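Enquirer: Just the structure for this:
(one chain, ligands or ions: 2)
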Amino acid sequence: MIRVAVAGPRGRMGALAVETMITGREFLLVGVLDRKMAEKADTLAGAVPIYTDMLTLAEEAKPDVLIELTNHESVYPNTRDAIMNGIRPVVGTSGLTEEQIGKLSELSGEHGIGCILAPNFSIGAALLMKFASMAVKYMPDAEIIELHHDGKKDYPSGTASLTARMMAESAGTGSTEGTGDGRGTDVSGIPVHSVRLPGLLSHQEVLFGGEGQLLTLRHDSFSRQSYMSGMVLAVKDVMNRDCLIDGLDKIIG
Ligand SMILES: NC(=O)C1=CN([C@@H]2O[C@H](COP(=O)(O)OP(=O)(O)OC[C@H]3O[C@@H](n4cnc5c(N)ncnc54)[C@H](OP(=O)(O)O)[C@@H]3O)[C@@H](O)[C@H]2O)C=CC1
Ligand SMILES: O=C(O)C1=N[C@H](C(=O)O)C[C@H](O)C1
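Expert: Ligands and ions are numbered 1, 2, ... in the order given. Model prediction:
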């Protein structure tokens with residue numbers, strides 16, 4: 001059984017990850033990492049202990065894997081500290097910068113501790129990234145529209161940023177940190193437009209324009225359940241890794 005801890009257990013994604021790990025036969029949920037001892041935490045995670053620091057979590061609960069589902073401010077320190085304490089991170093949280101990804105990649109390699117970054121756990125989004133990387137070679141004029149629920153604080157989405165980085169890599173144009181102006185956020189040379197509206201969950205379009213034609217690739221998540229099979233896959237896969245993997249698309253073959 002894989003010993004798993006979840007960071008961000010009171011969140012929308014964290015609560016679902018806790019449920020998935022409790023019900024999954026291959027997993028043993030050994031603890032949750034929160035930033036406070038929440039009043040309802042004991043009912044939320046059942047009999048699972050709540051930790052507020054990584055060192056105690058590592059020493060007492062001894063997790064093999066940490067599923068990181070917090071926010072763009074906590075994700076880097078949590079992932080770094082997990083690696084340094086011998087815990088393999090599976091990072092679902094969005095908002096890591098390219099510089100932070102570079103540092104985590106170095107750290108993961110130095111310690112020989114596997115780490116998977118998956119800003120989108122849904123198989124459909126991973127496929128969209130693959131298809132967009134293929135299409136950009138033939139239709140280089142592309143833009144991304146990512147559309148999310150109005151509770152999403154960060155932009156552009158992690159999915160859009162990774163899609164843009166993969167497209168730039170495939171096109172050979174080199175990836176760069178996102179910068180904003182009136183034409184969306186420029187991520188690796190690709191404009192990304194962020195929409196936040198009630199009623200939406202998680203949606204992304206990649207548009208490729210050509211002479212007299214338009215190719216549109218679109219993925220929609222209508223329920224957070226869409227992320228769970230990819231998360232389960234990543235938790236199992238990271239056990240066999242000794243370096244950082246950037247994107248679920250790299251492990252689905
Ligand atoms: N990979 C994927 O497929 C998906 C990724 N996401 C990403 O996952 C992340 C979480 O999303 P969502 O669940 O909707 O967000 P929520 O805001 O619902 O939950 C985030 C939770 O993390 C907690 N938190 C913040 N800092 C820490 C910390 N240092 N230690 C422990 N817990 C902490 C917050 O606590 P508090 O309430 O005190 O602030 C909050 O409960 C986002 O980055 C989102 O973009 C979302 C959907 C799918
Ligand atoms: O906050 C969300 O909801 C989501 N965040 C991730 C992202 O930033 O790409 C994944 C998915 O889009 C849902």
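Enquirer: only C-alpha atoms for contact and neighbour calcs from this point on.
Expert: Fine.
Enquirer: can you pull the contacts of Thr216?
Expert: When contacts are counted by CA atoms under 8 Å, 6 or more residues apart in numbering, Thr216 is found next to Glu205, Val206, Leu207, Phe208.
Enquirer: Filtering the residues you listed by proximity to ligand 1, which remain?
Expert: Checking the contacts of Thr216 against ligand 1 by CA under 6 Å from any ligand atom, not one of them is in range.
Enquirer: Take those residues and lay them out in a markdown table including neighbour count, distance to Pro9 and secondary structure.
Expert: Listed next are the contacts of Thr216 as a markdown table, based on neighbours: other CA atoms under 10 Å; distance: CA to CA, whole Å; DSSP: H, G, I helix; E, B strand; the rest coil:
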| residue | neighbour count | distance to Pro9 | secondary structure |
| --- | --- | --- | --- |
| Glu205 | 20 | 30 | strand |
| Val206 | 25 | 32 | strand |
| Leu207 | 19 | 36 | strand |
| Phe208 | 20 | 38 | strand |
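Enquirer: and which of those is nearest to ligand 2?
Expert: Glu205 (11.5 Å; CA to the nearest ligand atom).
Enquirer: how far does the strand or helix carrying Asp237 sit from the chain's center?
Expert: Element membership for Asp237 (DSSP states H and E) is helix 228-238. Centroid separation for helix 228-238 versus its chain: 12 Å, with CA atoms, centre = their mean, to the nearest Å.
Enquirer: Could you do stretch 233-243 as well?
Expert: So, by CA atoms, centre = their mean, the centroid of stretch 233-243 is 14 Å from its chain's centroid.
Enquirer: With just CA atoms, put it into CSV.
Expert: Provided in CSV are the C-alpha atoms of stretch 233-243 (Å, rounded to 0.1, in the frame of the first residue of the first chain):
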residue,chain,number,x,y,z
LEU,A,233,-2.3,7.3,-11.8
ALA,A,234,0.3,10.0,-10.7
VAL,A,235,0.4,8.8,-7.1
LYS,A,236,1.2,5.2,-8.3
ASP,A,237,3.7,6.4,-11.0
VAL,A,238,5.7,8.7,-8.8
MET,A,239,6.7,5.7,-6.7
ASN,A,240,8.9,4.6,-9.6
ARG,A,241,10.5,8.0,-10.4
ASP,A,242,13.7,9.5,-9.2
CYS,A,243,13.4,12.9,-10.9
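Enquirer: Show me what it is in contact with.
Expert: For stretch 233-243, using CA under 8 Å, 6+ apart, the contacting residues are 2, 64-65, 67, 88-90, 105, 108-109, 112-116, 248, 251.
Enquirer: how much space between Ala17 and Pro89?
Expert: Noted for Ala17: a distance of 14 Å to Pro89, by CA to CA, to the nearest Å.
Enquirer: Same drill for the two, tell me which one is more crowded.
Expert: Taking other CA atoms under 10 Å, Ala17 and Pro89 do not tie; Pro89 has more neighbours (31 against 27).
Enquirer: Quick check: which element contains the more buried one?
Expert: Pro89 belongs to strand 88-91, assigned by DSSP H and E.
Enquirer: What of Lys137?
Expert: Per DSSP H and E, there is no helix or strand for Lys137.
Enquirer: residues contacting it?
Expert: With contact set as CA under 8 Å, 6+ apart, Lys137 has these partners: Ser170, Ala171.
Enquirer: Just give me the neighbour total for the closest residue to Met84 other than its chain neighbours.
Expert: Take Met84 and drop its neighbours on the chain: the residue closest to it by CA to CA, 6 or more residues apart in numbering is His111, 7.4 Å away. Residues lying near His111 (other CA under 10 Å) number 14.
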